[in-house]
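[1] Show me how the following folds:
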Amino acid sequence: MREIIFDTETTGFDPASGDRLVEIGCIELINRVPTGRTFHAYYNPQRDMPSAAEAVHGLSSQFLSDKPLFRDGVAELMAFLGDSPLVAHNARFDFGFLNHELKLCARDGVSMDRMIDTVAIARTLHPGAKHSLDALCTRYGIDRSHRVKHGALLDAELLAQLYVELTGGRQIGLGLAQEEEKEIVRVELTETAVVRPVRPARVFTASAEELERHAAFVAKLDKPLWLEEAPPA
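    Here you go, the predicted model:
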C-alpha cells in the first residue's frame, strides 16, 4: 500500500485571513517502509513573512523571494501525491493550506477522505499525554537532535518514523519475518528428513550370575520394608 507522509510550513495559522503555504515536504511509504522517493519545494507567498512565523521555520521573505509560485509547481506536486492516502500531524491544518492553494489555482481540493491524522491516532493510544511531534518522538525514542527549527521535509521524515511506531508497523514486519523464517525451517526439515527402518524392541534378560549376585545383595539388607508384614486393617 502506498502512503504519503507530508508536512507544510506557512506564513501563519489561517489561510482565510491571507496566510500562505511556503514549503511542503513529502515522503513516500510502501507498506509502511520509506522508498527513498521524496518531494520538497519552497514557494514564494507573494506577501511578507511575519517575524513569529520566521522564528519557527527560519524562512525569510528574502529567501523565498526568488522561489516559484505554488501554481507554477502544482502539477509536479500533485503527480507525486497521486491518489494515495496523505498522512500529516494535525492534518486538518496541512490539508487546509494545501486545499486553499489548490483553490487559488482553480484546481479541485484533496478529498478529506484521504486524510490520516497522527495526532488523532496518538490521542487514542495515549489519552491525556502530550501529542506534539517533539513529545511523541521522545516517547518513541526517535532521534530529533538534528531538528533545530521546523522544516517540512525534516518533519515529514520524523513523522514517517512516528507513523510506523503508532501503527505497529515494526511489529507487523517482525511478525511477517518470523513467519517467513518458520516456513524456511519447515522446508529445510522436509528436504533433509531421513527415513529410517523400524526395528523391533530389544528384550534384556538378567543372566543367572546377575540374579545370584542380586539375591546375595538383598540378603545383606537389614529388615527391608518390602519383607515386613503389613499391619492388620
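
[2] how about the helices in the protein?
    According to DSSP state H, the chain carries its helices in the segments 51-57, 61-64, 70-81, 91-104, 118-125, 133-139, 152-166, 169-192, 208-219.

[3] Go through those helices and pick out the most buried.
    helix 152-166 (a mean of 22; mean count of other Cβ atoms under 10 Å). The way it works is simple: take the backbone N, C-alpha and C, and place the C-beta from them, glycine included.

[4] and that helix, C-alpha only, in PDB?
    This file holds the C-alpha atoms of helix 152-166, laid out as PDB (Å, rounded to 0.1, in the frame of the first residue of the first chain):
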ATOM      1  CA  ALA A 152       8.700  20.500   6.100                       C
ATOM      2  CA  LEU A 153      10.900  17.700   4.700                       C
ATOM      3  CA  LEU A 154      12.700  17.100   8.000                       C
ATOM      4  CA  ASP A 155       9.500  17.000   9.900                       C
ATOM      5  CA  ALA A 156       8.000  14.600   7.400                       C
ATOM      6  CA  GLU A 157      10.900  12.300   7.900                       C
ATOM      7  CA  LEU A 158      10.400  12.300  11.600                       C
ATOM      8  CA  LEU A 159       6.700  11.800  11.200                       C
ATOM      9  CA  ALA A 160       7.300   8.800   8.900                       C
ATOM     10  CA  GLN A 161       9.200   7.100  11.700                       C
ATOM     11  CA  LEU A 162       6.500   8.100  14.200                       C
ATOM     12  CA  TYR A 163       3.700   6.900  12.000                       C
ATOM     13  CA  VAL A 164       5.300   3.400  11.700                       C
ATOM     14  CA  GLU A 165       5.500   3.300  15.600                       C
ATOM     15  CA  LEU A 166       2.000   4.500  16.100                       C
END
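
[5] Would you mind pulling the contact partners of it?
    Here helix 152-166 makes contact (Cβ atoms under 8 Å, 6 or more residues apart in numbering) with 5-9, 23-27, 29, 32, 34, 38, 40, 87-89, 116, 118, 121-122, 125, 133, 136-137, 140, 142, 144, 146-147, 169-170.

[6] quick one: which of the helices of the chain is nearest Gly18?
    With Cβ to Cβ, the closest approach to Gly18 among these belongs to helix 91-104: 10.2 Å.

[7] now that closest one against helix 70-81, angle please.
    Interaxial angle, helix 91-104 versus helix 70-81 (axes from the mean of the first three to the mean of the last three Cα atoms, to 10 degrees): 120 degrees.

[8] pLDDT (mean, whole number) over helix 91-104?
    Mean per-residue pLDDT for helix 91-104: 98.

[9] chain center to it, what's the gap?
    26 Å (Cα atoms, centre = their mean, to the nearest Å).

[10] contacts for it?
    6-8, 10, 13, 15-16, 19-21, 24, 70-71, 74, 86, 88, 108-110, 112, 115-120.

[11] Tell me which of the contacts of helix 152-166 fall in strands.
    5-9, 23-27, 29, 34, 38, 40, 87-88, 116 (DSSP state E).

[12] Pull out the buried members of these.
    5-9, 23-27, 29, 38, 87-88, 116 (16 or more other Cβ atoms under 10 Å).

[13] Would you mind checking which of those is nearest to Ala208?
    Using Cβ to Cβ, those come closest to Ala208 at Leu29, 81.6 Å.

[14] Skipping adjacent residues, who's closest to that closest one in space?
    Glu3 (4.6 Å; Cβ to Cβ, 6 or more residues apart in numbering).

[15] now Asp66: how far from Asp94?
    25 Å (Cβ to Cβ, to the nearest Å).

[16] Same question for Asp72.
    Separation of Asp72 from Asp94 (Cβ to Cβ): 20 Å.
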